[in-house]
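Participant: Here's a sequence, model it:
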Amino acid sequence: MSRAGWLVAGLVVAALLLASGCGGGGDDTTASLTKDEFVKQANAICTKHQRQMEAKFSKFVEEANAGSRTSTPEKFKEGVTKIAIPALEEQIEELSALPAPAGEEEQVKLILERQEETLKKVEADPTFRTSGGPYEELNKPASDYGLSECAV
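Facilitator: Just a heads-up that it's a prediction; the model follows:
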């Protein structure tokens, strides 16, 4: 590798180390967020996963139906299993990584438990969502907390 190549490689490694927090910085990654910060970040996480899921599911339905406007229950279940469940798992993982606001830990814990409960229901029955409004009670703690984008 040329001298310039080594220099570029060294700069890339240094940038990655700085970005990852290596190097003895004093950042406390366990510091809590304010409620407003938590709500803003959580809603952003949920919006991101909802948009990704909708785009993937739309593409899946289009490909599965090969131009037809009808979908079979089996294809719907397949789409939920392949797309919605992994998206919800990732959403829960990212929400779990957010530090809860001080004094709000129990409320955040309840929200995450309800998200997990929703995931379990969908895994057990991928058509769960199609049977009316079964998520209302599961979503209530999140919506009461201000997580308007995290409803399933």
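
Participant: which SS class is the spatially most central residue of the chain?
Facilitator: Nearest to the mean C-alpha position of the chain, by Cα atoms, centre = their mean, lies residue 91 at 1.7 Å. Recorded secondary structure, residue 91: helix (DSSP: H, G, I helix; E, B strand; the rest coil).

Participant: so what's it up against?
Facilitator: Under the criterion of Cβ atoms under 8 Å, 6 or more residues apart in numbering, the neighbours of residue 91 are 45, 46, 49, 115, 150. No exception for glycine: its C-beta is placed from N, CA and C like everyone else's.

Participant: Using neighbour counts, pick out the buried residues of stretch 84-95.
Facilitator: 84, 85, 87, 88, 91, 92, 94, 95 (16 or more other Cβ atoms under 10 Å).

Participant: Quick one: mean pLDDT over that stretch.
Facilitator: For stretch 84-95, the mean pLDDT works out to 93.

Participant: Go through this protein and flag its longest helix.
Facilitator: helix 35-65 (DSSP state H).

Participant: Can you say which helix or strand has residue 78 in it?
Facilitator: Applying DSSP states H and E as the criterion places residue 78 in helix 73-79.

Participant: mind checking pLDDT for residue 27?
Facilitator: For residue 27, pLDDT reads 44.

Participant: For the contacts of residue 91, give me JSON lines that also has neighbour count, pLDDT and distance to residue 79.
Facilitator: Shown next, in JSON lines, are the contacts of residue 91 (neighbours: other Cβ atoms under 10 Å; pLDDT from 0 to 100; distance: Cβ to Cβ, whole Å):
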{"residue": "45", "neighbour count": "21", "pLDDT": "95", "distance to residue 79": "22"}
{"residue": "46", "neighbour count": "22", "pLDDT": "93", "distance to residue 79": "19"}
{"residue": "49", "neighbour count": "22", "pLDDT": "92", "distance to residue 79": "15"}
{"residue": "115", "neighbour count": "24", "pLDDT": "91", "distance to residue 79": "20"}
{"residue": "150", "neighbour count": "25", "pLDDT": "84", "distance to residue 79": "21"}
